[in-house]
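Peer 1: Predicted model, plus sequence, below.
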Amino acid sequence: MSHSQQKHTTEKVVVIGTSAGGMKALTVLIRQIHDDFPAPILVVQHLAADASGDALLEVLNKQGMIKCHHAVNGSTLENGHLYLAPSDHHLMIDEEHRILTTKGAHENRSRPAIDPLFRSAAVVFSNNVIGILLTGYLDDGTAGMSAIKRCGGICMIQDPQEADYPDMPNNALNHVDVDYCLPLSEMGSLLYDLLAEMPHKKLPIPKDISIETRIAKRVLSDVPAVNALGELVPFNCPGCGGVLWEMENSSSKRYRCHVGHSYTAQNLILEQALKIEETMWTALRMFEERRNMLFTFARDQKGAIKNSALERAHLSQIHIDRIKAILTGDDKGHTVGVHQQNEF
């Protein structure tokens, strides 16, 4: 079979998700992969919106033998190639086994996010998917792992004890019946063994996973679709201000709005904290402007009017002091990890 024919007959796929510490982990894993690898590999590494991912690709191409590229929308998947999600874009797979990159709504506060890739791979390849979750903060990838498992695929995680940042593998281990939890050094040979047993006859895809995948691909985005996925809850989406639904078939608490934003409980709490902080800085600025304006106004007044303006300026100062006390307090400890999770 010619090379041009081979690239159109991909029947199995490996998808990898990672965040903080990902460059080191991916380097160890990709060293074990040769250019005859019998499946395409798609990778989501959490990246800042202004990052290119070039440094990661350069390292992977130097260390391994598999060809590593930026994922290009519309490209056909080829065995023996690795495709890295572009910054500020979700990476997914369409029904024709082509690469799909979108500017869809953030999931778990990330774009690219791991869950959209894992879900789309499960929908397209069913039980011929191997999902791998590596080092990283928080819990992106857990819902995607659950989708792979429910579609009959194989779930593999890096042993949290060796992960530089064990949150992501630990969360998957706690909420998904993963098939393999092992060190990076043992993954390469296992992948070859597992892929040799594929492809299997495809299994039916659960309806909720198909709906979520269609929402992420921007094919479907409406209230009835999300109504079918869960129950309306009294929370607002920090991303767009819309209402949220709690997913019914999720392995852990997870929320979604009809626009497409999706959050695990941890990520929703963190995003709410950031929005609160942003709002309080705005309130602080407005109270300071009001205090200064009242002092300026009072200078030109006399009697009761002057006293009233000074009293209101004093009350503004009280609010300023209270807001500053909150902003400089340590009730924001979790935001430290938030700013680090996009690092390699």
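Peer 2: On my side now, so go ahead. Numbering: from 1, shown residues only.
Peer 1: I'd like the mean pLDDT over whichever strand or helix holds residue 82, please.
Peer 2: Following DSSP states H and E, one finds residue 82 within strand 81-84. Averaged over strand 81-84, pLDDT sits at 97.
Peer 1: Tell me the strands beside it, with direction?
Peer 2: Strands that pair with strand 81-84, judged by DSSP bridges, come out as strand 41-45 (parallel), strand 67-70 (parallel).
Peer 1: Name the residues that touch that strand?
Peer 2: Applying CB atoms under 8 Å, 6 or more residues apart in numbering, the external contacts of strand 81-84 come out as 30, 33, 40-43, 45, 53, 56-57, 60, 66-71, 75, 77, 91, 99. The way it works is simple: take the backbone N, C-alpha and C, and place the C-beta from them, glycine included.
Peer 1: and if you look at stretch 290-302?
Peer 2: 306, 309, 310, 312, 313, 316, 317, 320.
Peer 1: For residue 292, see how far away the first one is.
Peer 2: The gap separating residue 306 from residue 292 is 16 Å, by CB to CB, to the nearest Å.
Peer 1: and if you look at the last one?
Peer 2: Residue 320 sits 11 Å away from residue 292, taking CB to CB as the criterion.
Peer 1: for the fifth one, same thing?
Peer 2: Noted for residue 313: a distance of 8 Å to residue 292, by CB to CB.
Peer 1: So which residues of the protein form strands?
Peer 2: 13-18, 41-45, 67-70, 81-84, 90-93, 99-102, 129-133, 154-158, 180-182, 230-236, 243-247, 254-256, 262-264 (DSSP state E).
Peer 1: of all these, which lies closest to residue 218?
Peer 2: Within the strands of the chain, the stretch nearest residue 218 is strand 99-102; the backing value is 6.0 Å (CB to CB).
Peer 1: Starting from the closest one, tell me which strands it pairs with and how they run.
Peer 2: strand 90-93 (antiparallel).
Peer 1: What average pLDDT does the partner strand get?
Peer 2: 97.
Peer 1: contacts for that strand?
Peer 2: So strand 90-93 is contacted by 13, 42, 44, 71, 77, 83, 85, 99-104, 107, 111-113, 116-117, 120-121, 124-125, 213, 216-217 (CB under 8 Å, 6+ apart).
Peer 1: got the CA coordinates for it in CSV?
Peer 2: Output of strand 90-93 as CSV, limited to C-alpha atoms (Å, rounded to 0.1, in the frame of the first residue of the first chain):
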residue,chain,number,x,y,z
HIS,A,90,-9.1,23.7,20.4
LEU,A,91,-7.8,20.6,18.6
MET,A,92,-10.4,18.0,17.5
ILE,A,93,-11.0,15.3,14.9
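Peer 1: Can you get me the centre-to-centre distance for it and its chain?
Peer 2: 12 Å (CA atoms, centre = their mean, to the nearest Å).
Peer 1: Then stretch 81-92?
Peer 2: Put simply, stretch 81-92 sits 12 Å off its chain's centre (CA atoms, centre = their mean).
Peer 1: ok, the residue of the chain most remote from its centre to residue 294 distance?
Peer 2: Taking CA atoms, centre = their mean, the residue of the chain most remote from its mean C-alpha position is residue 303, at 60.0 Å. Going from residue 303 to residue 294 by CB to CB gives 16 Å.
Peer 1: Likewise for residue 252?
Peer 2: Using CB to CB, which is the criterion applied here, residue 252 is 50 Å from residue 294.
Peer 1: what's the answer for residue 192, then?
Peer 2: Taken as CB to CB, the span from residue 192 to residue 294 is 73 Å.
Peer 1: need the longest helix for the protein.
Peer 2: Ordering each helix of the chain by length in residues (DSSP state H) puts helix 265-299 first.
Peer 1: any idea of the mean pLDDT for that helix?
Peer 2: Average pLDDT, helix 265-299: 93.
Peer 1: could you give the angle of it to strand 243-247?
Peer 2: If you take axes from the mean of the first three to the mean of the last three CA atoms, to 10 degrees, helix 265-299 sits at 160 degrees to strand 243-247.
Peer 1: Taking strand 230-236 as reference, get the angle to helix 265-299.
Peer 2: Put simply, helix 265-299 runs at 30 degrees to strand 230-236, going by the same axes, to 10 degrees.
Peer 1: residue contacts, the residue positioned nearest the centre of the chain?
Peer 2: Nearest to the geometric centre of the chain sits residue 113, at 2.9 Å (CA atoms, centre = their mean). For residue 113, the contact set (CB under 8 Å, 6+ apart) comprises 44, 46, 90, 106, 107, 140, 262.
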